[in-house]
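Student: 3D, please:
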Amino acid sequence: MTVDPGGPNERDVDALADAEPIKAGEVIRIRTTGGGGWGDPLARDPELVVRDVVWRKVSVEAALRDYGVVLTGSLDDSSTGSGQALGYDADATAAERASRPAWESDDDAFFDRGPGYAQLAGEHSARMSTSADLSVAVLGGHGKTGQSVCRALAARGVSARALGRGDLAAPGGLTAALRGCVALYLLAPNMHPDELSYAEEALAAARAAGVSRVVHHSVASPFAPSMPHHLAKAHAEDAVRRSGLAWTVLQPGAYVQNFLPALRADVPELAVPYDVHALFGFADLVDVGEVAAEVIISPEGHLGATYEIAGPGLASVSDVASAAARVLGREVACRRTDPGGWADGPGAGLPERERAWLLRMFDHYDRHGLPVGGRGVRAVLGRDGLPLVEVVRRELG
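Tutor: Residues are numbered from 1 along each chain as shown. Prediction:
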């Protein structure tokens, strides 16, 4: 293997070298042993066949049998330089080749580069965006996020296969449910106790089923040790990146839609166990579905990318209440409640682990909020996310 052949840094490197520094723009030239050739042997230039015979790469008998080349002269004379050197009879060769059946190609690829190569090379992006017969699996497709992704895919003419716990328990498990799908939207259940194992099992099933691409639904600020369920998604992201599949990761902020039940109450009020003025990058669930569908059906430029998803500006829970008041034309109260009171009240019915994780999340929100950049939506959709007041208007109006 030669690095930078003909350049100022030309050097030979062992073919199995590791950690060899390569500069941007440098060429790597790899020479390998020859193979059996490719294509119709009867289409090979007779002059090259003669050369191969002289070089003892092809026998005299094989020149006629395999390539249809009628040789003239003597191979020995070509070696010694005496007598008639090896050549070929052009008319006889043409007649010989014309007498043989036409060569048929099975159009198999010369190299099998694996199931993800076509997507990595961007070869199927246009076909994916216009083909209704292609199916995308949405794991977690029965929840509010999965339903939003499925709706956005359907609006683009792509069949969405919503999968859930029942599919995991069915005969053949997730592998059987994924067969025939070209991509997987991987969304773990909220507060899953072992999200890494869940993701690894889903990725293994995708590989076994021949699925070549995965879009992973993560979370904004996944590496936040103070929030165990966020940290679990960081580990799942790492598994996705090492899966061998073509991947994209989405990191949405907290949903505006999480506040809708309280805003639709007879007396609308937002009461949360953290600072109501802490800043967040709130995400519109509709935007999340739109971004997910776009990177699934038009993967070119999105493979290997990680996108934060949020609205165009930071906002607080107090800002959500103000937006709702404008839309509803009435006062919407907003107050901070005691986390301990939440644990003894609304959170009392949750499993102990989930309650503890949520309390740690509330503490993080109270101290730091959850700011999220809004440029990811524009990078994918070519537009900003819907402003907070417009999301509230669409949902409540």
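Student: and this structure, what are its domains?
Tutor: Here the domain assignment for the chain is 1-32, 42-98, 122-396, based on automatic domain parsing.
Student: quick one: the helices in the stretch 151-300 of the chain?
Tutor: Using DSSP state H, counting those that start in this stretch, the helices of the stretch 151-300 of the chain run over 165-169, 173-178, 195-209, 228-241, 260-263, 285-297.
Student: one step back: which of the domains of the chain is buried the deepest?
Tutor: Burial of these is given as mean neighbour count (mean count of other Cβ atoms under 10 Å); domain 122-396 ranks first at a mean of 19. Bear in mind the C-beta positions are built from the backbone N, C-alpha and C, glycine included.
Student: distance of the residue nearest the centre of the chain from Val272?
Tutor: Taking Cα atoms, centre = their mean, the centroid of the chain lies closest to Trp247, which sits 2.3 Å from it. Separation of Trp247 from Val272 (Cβ to Cβ, to the nearest Å): 34 Å.
Student: swap in Cys181?
Tutor: Applying Cβ to Cβ, the value for Cys181 to Val272 is 39 Å.
Student: try Val372
Tutor: Distance, Val372 to Val272, by Cβ to Cβ: 17 Å.
Student: same thing with Arg207?
Tutor: From Arg207 to Val272 the distance is 41 Å (Cβ to Cβ).
Student: which residues touch the nearest residue to Thr145 once chain neighbours are set aside?
Tutor: Sequence neighbours aside, Leu187 is the residue nearest to Thr145 in space, at 5.9 Å (criterion: Cβ to Cβ, 6 or more residues apart in numbering). Leu187 makes contacts with 138-141, 143, 145-146, 149, 217, as judged by Cβ atoms under 8 Å, 6 or more residues apart in numbering.
Student: wasn't Cys334 part of a helix?
Tutor: No. Residue state for Cys334 (DSSP: H, G, I helix; E, B strand; the rest coil) corresponds to strand; a helix is not indicated.
Student: right, and the residue nearest to the centre of the chain touches Arg213 too?
Tutor: Yes. Using Cβ atoms under 8 Å, Trp247 is in contact with Arg213, at 7.1 Å.
Student: now for these two: what residues contact both?
Tutor: Leu303.
Student: what about the longest helix in the protein?
Tutor: Secondary structure of the chain per DSSP state H: the longest helix is helix 352-368.
Student: what's in contact with it?
Tutor: 191, 193, 224, 226-230, 272-275, 278, 280, 339, 342-343, 347-348, 350, 370.
Student: that helix vs helix 228-241, what angle?
Tutor: Here helix 352-368 runs at an angle of 100 degrees relative to helix 228-241 (axes from the mean of the first three to the mean of the last three Cα atoms, to 10 degrees).
Student: helices and strands around the next helix or strand after helix 352-368, which ones?
Tutor: Later in the chain than helix 352-368, the nearest helix or strand by DSSP states H and E is helix 375-381. On a contact count with 3 or more Cβ pairs under 8 Å, 6 or more residues apart in numbering; DSSP states H and E, helix 375-381 meets helix 285-297, strand 306-309.
Student: what strands line up against the shortest one, and which way round?
Tutor: Pairing partners of strand 306-309, with direction, according to DSSP bridges: strand 246-252 (parallel).
Student: what pLDDT, on average, does the strand it pairs with get?
Tutor: Averaged across strand 246-252, pLDDT comes to 97.
Student: from the chain's centroid, how far away is that strand?
Tutor: In terms of Cα atoms, centre = their mean, to the nearest Å, the centre of strand 246-252 is found 7 Å from the chain centre.
Student: return that strand as CSV; C-alpha atoms alone will do.
Tutor: Listed next in CSV are the C-alpha coordinates belonging to strand 246-252 (Å, rounded to 0.1, in the frame of the first residue of the first chain):
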residue,chain,number,x,y,z
ALA,A,246,-26.0,3.5,8.3
TRP,A,247,-27.3,5.7,11.0
THR,A,248,-28.7,9.1,11.9
VAL,A,249,-29.4,10.3,15.5
LEU,A,250,-32.2,12.7,16.5
GLN,A,251,-32.0,14.6,19.9
PRO,A,252,-35.3,16.3,20.5
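Student: what sits up against that strand?
Tutor: Contacts of strand 246-252 (Cβ under 8 Å, 6+ apart): 116, 119-120, 212-222, 237, 240-241, 283, 288, 291-292, 295, 299, 302-310, 372, 376.
Student: same question, stretch 262-281
Tutor: By Cβ under 8 Å, 6+ apart, the surrounding residues in contact with stretch 262-281 are 220, 253-254, 259, 308, 310-311, 314-318, 320-321, 324, 328, 330, 332-339, 341-342, 362-363, 365-366, 368-374, 392, 396.
Student: over to stretch 384-397?
Tutor: Counting by Cβ under 8 Å, 6+ apart, 256-257, 260, 263-264, 282-284, 286-287, 309-313, 315, 319-320, 323-324, 326-328, 374, 377-378 sit against stretch 384-397.
Student: ok, then the element right after the lowest-mean-pLDDT helix or strand in the chain?
Tutor: Ranked by mean pLDDT, DSSP states H and E, the weakest helix or strand in the chain is helix 125-130, scoring a mean of 46. The element immediately downstream of helix 125-130 (helix or strand, assigned by DSSP H and E) is strand 135-139.
Student: note down every partner strand of that following strand and its orientation.
Tutor: Looking at strand 135-139 with DSSP bridges, its partner strands are strand 159-163 (parallel), strand 181-186 (parallel).
Student: who wins for proximity to Gly7 among those?
Tutor: Gly7 lies closest to strand 181-186 among those, at 40.1 Å (Cβ to Cβ).
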